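In: this one's structure only:
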């Protein structure tokens, strides 16, 4: 892949909490926000790139909620039945980055398949005059949940890739680290809580700040073709306070997570960066 700098580019993230929970984009409301300052924007900034990032991610939402009218009953960020992309200049985007919800991989008798809805969203942009590139993301949930979710997500990525869609998988490298407990290049130990929050009996699946950084890293890598190795990450603790985040999202039934220790270890971060590239060949 030819290396491409993102300076001056306009990017929109479409999806749900599997993008914003770890800070890849900010958690601010109301949405959509057109001046997002999450980890992706900060990573580009650290590479000398000035980008415009739009955050159109809503908790509990699916691809089909962005096709026309939102099917949810309403949320704190919008009215039920509204168009979540209304008011945005769809033709202006250079990259449209999309990730499906946690439990929406496969066919649905009511709303259609993930791939079909991805295509419908893409058609919205194209019909508006957009000539940008589309990115399909696989996050961690298919790997930490049920195998058939993972199989669906991977097969859908392969199907869309044949249509010229850029695919990015940050779920696979993270799953390798958490399931094996170790990766080449570092003595640091990993487990599920290294990458996933544990704030309640019901939530042991959302990405934490380390995963948020790795997702931003993976997206930039597949778009630009630049290696993830040696990419900056020091800004992560400036954008989000690690200790505050840990206090909020860990501690349930004595749960712990070592994401702060991983961020503090250059060899661990380098090893994870290499793993991102391993699963996302440029």
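Out: Here it is on my side, so go on. The structure displayed is predicted, hence computed values, not measured ones. Residues are numbered from 1 along each chain as shown.

In: CA atoms for contacts and neighbours, from now on please.
Out: Noted.

In: For the helix or strand bottoming out on mean pLDDT in the chain, buried residues please.
Out: Of the helices and strands making up the chain, the lowest-confidence element is helix 147-161, at a mean of 85, by mean pLDDT, DSSP states H and E. For helix 147-161, the neighbour count (16 or more other C-alpha atoms under 10 Å) marks 149, 150, 152, 153, 154, 156, 157, 160 as buried.

In: possible to save these as CSV with distance to residue 172?
Out: Formatted as CSV, the buried residues of helix 147-161 follow (distance: C-alpha to C-alpha, whole Å):
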residue, distance to residue 172
149, 13
150, 9
152, 14
153, 11
154, 10
156, 15
157, 13
160, 18
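
In: And the least confident helix or strand of the chain, what does it pack against?
Out: For helix 147-161, the elements it packs on are helix 114-127, strand 133-138, helix 141-144, strand 166-169, judged by 3 or more C-alpha pairs under 8 Å, 6 or more residues apart in numbering; DSSP states H and E.

In: Nearest to residue 189, out of the ones you listed?
Out: helix 141-144 (18.0 Å; C-alpha to C-alpha).

In: How far off centre is the closest one?
Out: From the chain centre to the centre of helix 141-144 is a distance of 13 Å (C-alpha atoms, centre = their mean, to the nearest Å).

In: same thing with stretch 216-227?
Out: From the chain centre to the centre of stretch 216-227 is a distance of 12 Å (C-alpha atoms, centre = their mean).

In: Need the residues that contact it.
Out: 1-6, 24, 39-40, 43-44, 166-170, 228, 273, 276-277, 280-282 (C-alpha atoms under 8 Å, 6 or more residues apart in numbering).

In: thinking again about what came up before, if you average pLDDT over each of the helices and strands packed on helix 147-161, which is lowest?
Out: Among these, helix 141-144 carries the lowest mean pLDDT, a mean of 90.
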